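In: quick check, what structure comes out for this input:
(chains A and B)
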Amino acid sequence: MTGAELDRRKVVGALLERRGALLVVAGLGSAAWDCTAAGDHPLTFPLWGAMGSACMIGLGLALAQPGRRVLVVTGDGEMLMGLGSLATIGAQRPRNLAVVVLDNERYGETGMQKTHTGYGTDLAAVASACGFADSRIIRRNTEIAAVRSSIYRGRGPLFFQVKVKRDSLPLALPPRDGAHLRHRFREALLGKGAAAQ
Amino acid sequence: MQRKTPKTHLVEAIDWPAAIHSALKSQRVRQVSYVPDAGHKRLIELCHSDENMAAVPLTTEEEGIALAAGAWLGGERAVLLTQSSGVGNCVNALTLTSNCGFPLLIIVTMRGEWGEFNPWQIPMGQATPDTLRLAGVRTLRLERAEDALATVTSAARLAFDGYGAVAVLIAQRMIGAKSFGAKP
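Out: Okay, the predicted model is just below:
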């Protein structure tokens, strides 16, 4: 048991309110619903599939936009499927990239089966061993303000494994049309002309 | 591969990896991800030493599909360099490309098709063209070193101007089969 006290929606809400120029990639499943519950936004790219890809999309974006902050919000199951991407990010060391894993130690969309974090995998230690500039497990509400501050201003790559309660929350679904998600993101980031290139 | 046959000299004289590098530059490709392959050795080195390119070593090829999607979201063009065995690793990640309509350029060095010494390379090598086709990736064959510039340029245009997923399959015959020291 995690004995976690943190509410995932409140955590994501606190990280994404007044988000300014922040670019967000949301991993499939609950993490994408959490980001949508905080307010659907053209500069959030939510995934409905391609499990394990969230961090690498974040890296491509961070390399392309070194002047912008990039945040990947994903779940423990999605992160575990792309564990190697932590080594790939560690090799690049993008200063503008942060990863937040909402860790309920369960595969929430498929029947709440235990993930490897539930069996003891310490994702923050993995990220740290891969060369992330800062990597921590977060358990308390009092730590969220510091996480937020690091995401918007800290030197990356950053990794926060946030232990959250095992809630089944109401669905908050983002648009499903991938072409629409791609286009609205590019238009909001690059402008109408460039997005059409 | 080690034997200095006249044919090998001819292939090296053309310097097709430099031609591919030059095609990628002219097509404004900025992020080059790869899982190493002997056939990509020189191209990887050229990309690492190019200050206008970010060379990104991957732990598995599917990372490169996601990286390319992120690059495009951020306004940059990417390419993935892989051996044919890595194509199989990309299959579910290609959902991202086809669902969202991301442009994608992959350059594949083929194994398991011409003078292959390692039987473990043959199943995936033989399945590579159909695997890509089923996953929605168009393929162009590169058989001759002198076609490298034109083929890769054309593939990049098809990908980035045609908003498609395109793979260039570099024939094993062109690269030279790895012999592990055995006499062919």
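In: find the centremost residue of the chain, please.
Out: If you meant another chain, say so; for now it's chain A. In chain A, the residue lying closest to the centroid (C-alpha atoms, centre = their mean) is residue A:73, at 1.2 Å.
In: actually it's chain B I care about, not the one you picked
Out: When chain B is reduced to its mean C-alpha position, the nearest residue by C-alpha atoms, centre = their mean turns out to be residue B:107, at 1.6 Å.
In: check contacts around that one.
Out: For residue B:107, the contacting residues are B:20, B:40, B:43, B:79-82, B:152, B:155, B:167-168, B:170, by C-beta atoms under 8 Å, 6 or more residues apart in numbering or on different chains. Every C-beta, even on glycine, is put in place using the N, C-alpha and C of the backbone.
In: so it, which state does it fall into?
Out: Three-state assignment for residue B:107 (DSSP: H, G, I helix; E, B strand; the rest coil): strand.
In: tell me what it is bridged to.
Out: Residue B:107 has these beta-bridge partners by DSSP bridges: residue B:81, residue B:168.
In: relative to chain A, how far out is it?
Out: Using C-beta to the nearest C-beta, to the nearest Å, one obtains 17 Å as the distance from residue B:107 to chain A.
In: wait, which of the contacts of residue B:107 is closest to chain A?
Out: For the contacts of residue B:107, the residue nearest chain A by C-beta to the nearest C-beta is residue B:80; the value is 11.0 Å.
In: can you check the pLDDT for the closest residue to that closest one other than its chain neighbours?
Out: Among residues not flanking residue B:80 along the chain, residue B:64 sits closest, at 3.5 Å (C-beta to C-beta, 6 or more residues apart in numbering or on different chains). Listed pLDDT for residue B:64 reads 98.
In: equivalent analysis for the one 3 residues further on, please.
Out: At residue B:67, the predicted lDDT confidence score is 98.
In: ok, for it, nearest residue in space, not its chain neighbours?
Out: residue A:60 (4.1 Å).
In: near chain B, which residues of chain A show up?
Out: Within chain A, the positions lying close to chain B (C-beta under 8 Å from any C-beta of the partner chain) are A:23, A:25, A:45, A:47-65, A:82, A:84-85, A:87-88, A:91-92, A:178-179, A:181-182, A:185-186, A:189-190, A:194.
In: can you tell me how far residue B:98 is from residue A:66?
Out: Counting by C-beta to C-beta, to the nearest Å, the gap from residue B:98 to residue A:66 is 29 Å.
In: residues near residue A:184, how many?
Out: Per other C-beta atoms under 10 Å in any protein chain shown, the neighbour tally for residue A:184 reads 19.
In: check contacts around residue A:109.
Out: Residues in contact with residue A:109, defined by C-beta under 8 Å, 6+ apart, are A:28-30.
In: same thing but at 10 Å, please
Out: Contacts for residue A:109 were tallied using C-beta atoms under 10 Å, 6 or more residues apart in numbering or on different chains; they are A:28-30, A:33, A:75, A:77.
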